[in-house]
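Peer 1: Sequence plus the predicted model coming up.
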Amino acid sequence: MSPFFSKKVKAEMRSRKRKKKTTAGAEIDGDADQSHSLKNVNGEKSNGFKRTLDEKHSTNDDDNSQTDEPRSKKSKLDVCTLTIILPSNLTSKEAKKFRKDERRKARAKGVPEENIKFILEGEEREDPNQSSSKDNNESKANKKPKKSFPRINELLSQHAAQKKLEEQIAKRNAINDAVPQSEKEKYVAIDCEMVGIGTSGAKSALARASAVDWDGNVLLDTFVRVPERVTDFRTHVSGVRPKDIHITNENAMNHADVRNEMEKLLHGKILVGHALKNDLSVLMISHPRTDMRDTAKYKPFMRPSGRVGGKMRPRKLRDLVYENLGLRIQRQGEGHCSIEDARATMELFKCVRGRWEKELAKGGSKRGTK
């Protein structure tokens, strides 16, 4: 019959056990002889001596390592994928039997069936980390981009701006239609395309010249043969290809002939253009400053170089045409067309012709700019 202990006695027994554990923890391996001698004095037997703390830890670690070893093996089997190489010389029936046998062997080893993977002989093994990253990348690529819808306020403001622009264009067209024919015949717009010559291609040479009248009718449009070696065709900007300006191209003209034709067209006319200095330079002709209307140097079309003001700088023809006419020219990735640019410059000039001519009549700039 087991002895009965009251709660108080049990509590004292527990406290004594705790004290024994703390004293055993304070002991070190060098005190083993001292503890052995004390036990002999008290008449205790050697098989009852206490184990030191280090021995306890070592036995606990051994036990844990023995118990954890099968767990780690099992977890590795659960996580890792068993790759089996399938011989390439098997028929479909033999391959089916081979896979069945290998699955049976793997299950006997404790490998789950979903972790078994067969690879045909000769194929590269895939790293599970790479395959997972590849799957993530494919899922991201296949994921449809989120559609962005404009806000109602933006749509309303765009609609109002478009309506206002259409009203302005209609009003300008009515004014321009009232211009006498004799006045319209005074204006000619030109534009030129250049290619690069010289060692670095920085020097410009005339490759195409175009001229239009008030209504946009083509007065002259021709490619120009370049006798010198072209080092930069600038096709992405000029739209000029090597065959267009080759000396064997019968449709192209010599530079001297183009210069003579352009001088005849511009004689007694008001010249309209954007950055006319460049065009006249490659044409090697001059024109009276009072008869030049350069939209790149017209102050209302210019902008200050700094945020708070500064020197006025010219703007791109593409931006001016879009803001004032709502038209898109010189699209990204497409070569420029000199006829399109000349017509756009003429239409841009029509927007401010009345005000521009009045300013010049009142004593504006001699260069046809203000």
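Peer 2: Nice, I can see it.
Peer 1: would you list every one of the strands in the stretch 201-350 of the chain?
Peer 2: 203-212, 218-223, 230-232, 270-273, 292-294, 303-304, 312-313 (DSSP state E, counting those that start in this stretch).
Peer 1: How far off centre is the longest one?
Peer 2: Same thing as strand 203-212. 35 Å (CA atoms, centre = their mean, to the nearest Å).
Peer 1: quick one: that strand to strand 218-223, angle?
Peer 2: 150 degrees (axes from the mean of the first three to the mean of the last three CA atoms, to 10 degrees).
Peer 1: Now do strand 203-212, average pLDDT.
Peer 2: The average pLDDT within strand 203-212 is 94.
Peer 1: Need the contact partners of it.
Peer 2: 188-197, 218-224, 226, 228, 230, 238-240, 244-245, 255, 258, 262, 265-266, 278, 281-283, 338-339, 341-343, 346 (CB atoms under 8 Å, 6 or more residues apart in numbering). From N, CA and C alone the C-beta is placed, and that goes for glycine too.
Peer 1: Identify each buried residue in that strand, please.
Peer 2: Buried residues in strand 203-212, counted by 16 or more other CB atoms under 10 Å: 204, 205, 206, 207, 208, 209, 210, 211, 212.
Peer 1: What about the closest residue in space to the third one that isn't next to it in sequence, how many residues nearby?
Peer 2: In other words, residue 206. Computed as CB to CB, 6 or more residues apart in numbering, the closest residue to residue 206 that is not its neighbour in sequence is residue 282, at 4.2 Å. A count of neighbours around residue 282, defined by other CB atoms under 10 Å, yields 20.
Peer 1: starting at the chain centroid, how far to stretch 201-220?
Peer 2: So, by CA atoms, centre = their mean, the centroid of stretch 201-220 is 36 Å from its chain's centroid.
Peer 1: Make residue 1 into 843 and carry on from there
Peer 2: Yep, numbering from 843; the last one is stretch 1043-1062 now.
Peer 1: Residues in contact with stretch 1122-1142: which ones?
Peer 2: Against stretch 1122-1142 from outside (CB under 8 Å, 6+ apart): 1029, 1034, 1036, 1046-1048, 1051, 1097, 1100-1101, 1104-1105, 1108, 1111-1119, 1143-1144, 1154, 1156-1157, 1159, 1162, 1187, 1190-1191, 1194, 1198, 1202, 1208-1212.
Peer 1: measure the closest residue to residue 1193 other than its chain neighbours to residue 1191 for me?
Peer 2: Counting by CB to CB, 6+ apart, residue 1193 lies nearest to residue 1166, which is 5.2 Å off, once chain neighbours are set aside. Separation of residue 1166 from residue 1191 (CB to CB, to the nearest Å): 10 Å.
Peer 1: Please verify my assumption that residue 1100 contacts residue 1063.
Peer 2: No: Residue 1100 is beyond contact range of residue 1063, at 10.5 Å (criterion: CB atoms under 8 Å).
Peer 1: Residue 1146 touches residue 1156, doesn't it?
Peer 2: No: contact criterion CB under 8 Å: residue 1146 and residue 1156 do not qualify, at 11.7 Å.
Peer 1: These two: who's more crowded?
Peer 2: Per other CB under 10 Å, whichever of residue 1146 and residue 1156 has more neighbours is residue 1156, with 16 against 11.
Peer 1: I'd like to know which of the buried residues of strand 1045-1054 is nearest to residue 951.
Peer 2: residue 1049 (77.4 Å; CB to CB).
Peer 1: related to what we said a few turns ago, mind checking which of the strands of the stretch 1043-1192 of the chain is nearest residue 930?
Peer 2: Between the strands of the stretch 1043-1192 of the chain, strand 1072-1074 lies closest to residue 930; by CB to CB that is 56.0 Å.
Peer 1: Which residues does that closest one contact?
Peer 2: Contacts of strand 1072-1074 (CB under 8 Å, 6+ apart): 1037, 1038, 1039, 1040, 1041, 1042, 1043, 1047, 1084, 1087.
Peer 1: Measure how buried the third one is and give me the count.
Peer 2: Using other CB under 10 Å, the number of residues around residue 1039 comes to 18.
Peer 1: repeat for residue 1081
Peer 2: Counted with other CB under 10 Å, residue 1081 comes out at 18.
Peer 1: In the stretch 1043-1192 of the chain, what residue spans correspond to helices?
Peer 2: 1077-1080, 1097-1108, 1118-1125, 1159-1167, 1180-1203 (DSSP state H, counting those that start in this stretch).
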